[in-house]
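**Q** Everything below, folded, please.
(one chain, ligands or ions: 1)
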Amino acid sequence: MQRFLDLLSELAGSAFENAGIEASYGRVKLSDRPELCEFQTNGALSAAKKYKKNPMEIAESIAERLSKEPAFSCVSAVRPGFVNFNVSNDFLLSYIKDMYEDEERLGVSKTQDPKKIIMDYGGPNVAKPLHVGHLRSAVIGESLKRILRFMGHEVTADIHLGDFGLQMGLIIAELSERKPTLPYFDPDFSGDYPADPPFTISELEEIYPFASKRSKEDPVFAKKASDATYEMQQGRRGYRELLSWIMKVSVSDLKRNYERLKVQFDLWKGEADAEPYIPGMVKMLKDKGLAHESDGALVVDVKRDDDKKEIPPCMILKSDGAALYDTTDLATLIWRVNDYHPDEIMYVVDKRQELHFIQVFRCARMAGIVPDETELTFIGFGTVNGTDGHALKTRDGGVMRLERLLDDIKEKMHEKIIENESLSSDEADKVSDIVSLSAVKYGDLKNQPAKDYIFDMDRFTSSEGDTGPYILYTVVRIKSIVRKYEEAGGNIENIAPSISRAGTEKALLLSLSGFSEEVEKAASSASPNVICAYIYNLCNEFNHFYHETKILSCEDEDEKKGYIALCVLTKRVLERSIELLGFEAPERM
Ligand code: ARG
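**A** Here you go, the predicted structure:
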């Protein structure tokens, strides 16, 4: 289906054409002053310059033509050259009926230009707990993936684990001192290794930061860790076994966390998967004359004359020959391009890493690792702050673990959910999971990705205002209306939207008609917040309508059917929208 604004623009465009002006001047947009009219076109103002005419004269002639069109009503030309109008009920209704028929896509057409996209989001680090910084990457990335797929793009989601060799070497070195009798450390051991993991996830999460800190203060330990990394990479049997335990224990914990967040990846690859490509890449960078030595390190200059700020060189190898973050990201691009031939690779990462990506992208282009036709996109997101305006911390100032945050918000939500005494305790628990996830995700997604935001538990869990729970309350309200209608013998297959004599539902219809426009905007600008703003408004319009209208108790059967069809369509649009945002609604709450 065409977007509603495009349909109106086409009609307005023909009016311009008939007046001897290019049709493109007839672009229609939502009114800047909704109290005056629903839509407007400002084409007369710009056409006046090009055609050297008086803008008001053009506007008047356009208004006259449009007023003869059955699609428009209340057309008026307004100084200095706007044309304001409303859409007629019949025209709007026929669009809404088409949306109702299109149960699957609700009027949203797929893109004409489907792309193959690799999305890099999540980015957790193995053996480290997920913290609140990883929340945004997961929540925004997952929503963008769903939006882009809905638009018809082919998206592969890669978690890009932080599992680079040195991290593993640090853990192995530390463990070899804590539990030296484990068979993994005996180079002569040739029997079967134990079937049980040598550590729990909590131990692992404690060992890694400890060892990482220690290596910075203790050069002997640092050497031991880098030796262990080297031997592991060379295939030392016991170390390989430990590596696979680190991965297993850590990844199963990560999977549990992402499942809770309803975030799904197609690929569980990591930095380590790039390691085999590093030696060849280093050689290529040297052969092409791009890499040179600087203070013992191997670097590639990526600065340009027109740079406004300083762009330091890309670091390929440290002076001890170790690879770095730049290195693994570059080498990762090699397999992503070779194996997938993507049209675009999109990174959803903390915006404080922007410089790193500028360096990596430039180097990848210069070296021909990524062909010109493959787009590289960086979507940087802002920080999650506490109500004090500083980065979110635990009460004692520690890093806020994601699990802890989710538990806290669930507890808060649960207190509110159990006020509804008709829910069994089991159901209340499930509903609290669903609703608290909406609180967290909506609280995040309603902000532009690049902006910082304040994690305000009280506000996020409120059922009033621009929040996830408010959206879900509205969906649940509609579900209950539709359920009651069906329980009383009504069939939603045999009804269609209509406009009642009172006409109080027009604002709701107008809001519904904007769905495809907003989804496309969200996709093209990589901004899930556009969908949040849209559904917040849609919920307000629905609740307005609900409070003004007798729906189930409406005496006129035909009117009632029309109302129910509107409820069903609103429900479908909201359910589709929240699915694109990455959460769902319960049956009751
Ligand atoms: N693991 C990184 C971190 O925790 C994020 C990885 C982002 N993705 C990438 N390709 N560099 O900061």
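
**Q** Specify the local secondary structure of the residue of the chain found nearest the ligand.
**A** Proximity of the chain to the ligand (C-beta to the nearest ligand atom) peaks at Gly123, 3.0 Å away. Using the backbone N, CA and C atoms, a C-beta is placed for each residue, glycine as well. At Gly123, secondary structure determined by DSSP: H, G, I helix; E, B strand; the rest coil is coil.

**Q** Apart from its chain neighbours, what residue comes closest to Met69?
**A** Let me fix one detail, which is that residue 69 is Glu and not Met. With sequence-adjacent residues excluded and distances taken as C-beta to C-beta, 6 or more residues apart in numbering, Glu69 is closest to Leu11, at 5.9 Å.

**Q** quick one, what contacts the one you found?
**A** By C-beta atoms under 8 Å, 6 or more residues apart in numbering, Leu11 lies in contact with Gly26, Leu66, Glu69, Ala71, Phe72.

**Q** Rebuild those as CSV, extending it with pLDDT and secondary structure.
**A** What follows is those, written out as CSV (pLDDT from 0 to 100; DSSP: H, G, I helix; E, B strand; the rest coil):
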residue, pLDDT, secondary structure
Gly26, 96, helix
Leu66, 96, helix
Glu69, 94, coil
Ala71, 96, coil
Phe72, 96, strand
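
**Q** isn't Tyr473 right up against Ser463?
**A** Yes. Under the contact definition of C-beta atoms under 8 Å, Tyr473 touches Ser463, with a separation of 5.2 Å.

**Q** circling back to that earlier point, contacts only, for the residue of the chain closest to the ligand.
**A** Counting by C-beta under 8 Å, 6+ apart, Gly123 has contacts His134, Ser137, Ile159, His160, Leu161, Gly162, Val349.

**Q** does the first one belong to a helix or a strand, and which?
**A** Going back to what we said before, that points to His134. Take DSSP states H and E as the rule and His134 turns out to sit in helix 132-150.

**Q** Do you know the pLDDT at the residue of the chain closest to the ligand?
**A** What the model reports for Gly123 is a pLDDT of 96.

**Q** ok, now how distant is it from Lys308?
**A** 28 Å (C-beta to C-beta, to the nearest Å).

**Q** Over to Gly514?
**A** 38 Å.

**Q** Kindly report the same for Ala291.
**A** For Ala291, the distance to Lys308 - C-beta to C-beta - is 26 Å.

**Q** What of Lys393?
**A** Distance from Lys393 to Lys308, by C-beta to C-beta: 34 Å.

**Q** Which one of these two is surrounded by more residues?
**A** Taking other C-beta atoms under 10 Å, Lys393 and Lys308 do not tie; Lys393 has more neighbours (14 against 5).

**Q** residue contacts, the more buried one?
**A** Contacts of Lys393 (C-beta under 8 Å, 6+ apart): Gly386, Val399, Met400.

**Q** Could I get the phi/psi values of the residue lying farthest from the centre of the chain?
**A** Relative to the C-alpha centroid of the chain, counting by C-alpha atoms, centre = their mean, Asp188 is the outermost residue, at 50.2 Å. Main-chain dihedrals, Asp188, degrees, to the nearest 10: phi -90, psi 0.

**Q** Distance of it relative to Gly238?
**A** Taken as C-beta to C-beta, the span from Asp188 to Gly238 is 10 Å.

**Q** Check Arg178 too.
**A** 15 Å.

**Q** who's more crowded, the two?
**A** Higher neighbour count among Arg178 and Gly238: Gly238, with 20 against 12, using other C-beta under 10 Å.

**Q** Reduced to three states, what does that one come out as?
**A** helix.

**Q** show me the residues around it that make contact.
**A** By C-beta under 8 Å, 6+ apart, the neighbours of Gly238 are Pro183, Tyr184, Phe185, Asp186, Pro187, Phe189, Tyr193.

**Q** Quick one, grab the pLDDT at it.
**A** 96.

**Q** Could you report the neighbour count for the closest residue in space to Asp452 that isn't next to it in sequence?
**A** Spatial nearest neighbour of Asp452, chain neighbours left out: Gly382 (3.8 Å); criterion: C-beta to C-beta, 6+ apart. For Gly382, the tally of surrounding residues (other C-beta under 10 Å) stands at 16.

**Q** same deal with the one 10 residues further on?
**A** If you count neighbours by other C-beta under 10 Å, Leu392 ends up with 19.

**Q** Then Gly270?
**A** If we define neighbours as other C-beta under 10 Å, then Gly270 has 23 of them.

**Q** residues near the residue lying closest to it once chain neighbours are set aside, how many?
**A** Nearest non-adjacent residue to Gly270, counting by C-beta to C-beta, 6+ apart: Leu161, 3.2 Å away. Leu161 has 23 neighbouring residues, counting by other C-beta under 10 Å.

**Q** and if you look at the one 5 residues further on?
**A** Leu166 is flanked by 19 other residues according to other C-beta under 10 Å.

**Q** With the one 3 residues further on instead?
**A** As a burial measure, the neighbour count of Gly169 was computed by other C-beta under 10 Å and equals 25.

**Q** what helix or strand does it sit in?
**A** Judged by DSSP H and E, Gly169 forms part of helix 165-178.

**Q** For that helix, name the packing helices and strands.
**A** helix 201-217, helix 219-234, helix 237-260 (3 or more C-beta pairs under 8 Å, 6 or more residues apart in numbering; DSSP states H and E).

**Q** Next, format those as TSV and append distance to the ligand.
**A** Converted to TSV, these look like this (distance: least, C-beta to the nearest ligand atom, whole Å):
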stretch	distance to the ligand
helix 201-217	13
helix 219-234	18
helix 237-260	12
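
**Q** quick one: Phe460 from Glu231, how far?
**A** In terms of C-beta to C-beta, Phe460 sits 48 Å off from Glu231.

**Q** ok, these two, which is more surrounded?
**A** The neighbour comparison of Phe460 against Glu231 (other C-beta under 10 Å) goes to Phe460, with 24 against 16.

**Q** Who are the contact partners of the more buried one?
**A** Phe460 touches Ile409, Ala439, Val440, Tyr442, Gly443, Thr467, Gly468, counting by C-beta under 8 Å, 6+ apart.

**Q** could I get the residues you listed as TSV with pLDDT and distance to the ligand?
**A** What follows is the contacts of Phe460, written out as TSV (pLDDT from 0 to 100; distance: C-beta to the nearest ligand atom, whole Å):
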residue	pLDDT	distance to the ligand
Ile409	95	22
Ala439	98	24
Val440	97	19
Tyr442	98	24
Gly443	97	21
Thr467	98	28
Gly468	98	26
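
**Q** Which of those residues has the largest number of neighbours?
**A** Gly468 (30 neighbours).

**Q** Isn't that residue up against Phe583?
**A** Yes. Counting by C-beta under 8 Å, Gly468 sits close enough to Phe583 to count as a contact (6.9 Å).

**Q** so what sits against both of those two?
**A** Leu437, Ser438, Lys441, Tyr442.

**Q** Tell me the buried residues within those residues.
**A** For the shared contacts of Gly468 and Phe583, a burial check counting by 16 or more other C-beta atoms under 10 Å picks out Leu437, Ser438, Lys441, Tyr442.

**Q** and this protein, which residues reach the ligand?
**A** Applying C-beta under 6 Å from any ligand atom, we find that the chain lies next to the ligand at Asp120, Gly123, Asn125, His160, Gly162, Asp329, Tyr347, Val349.
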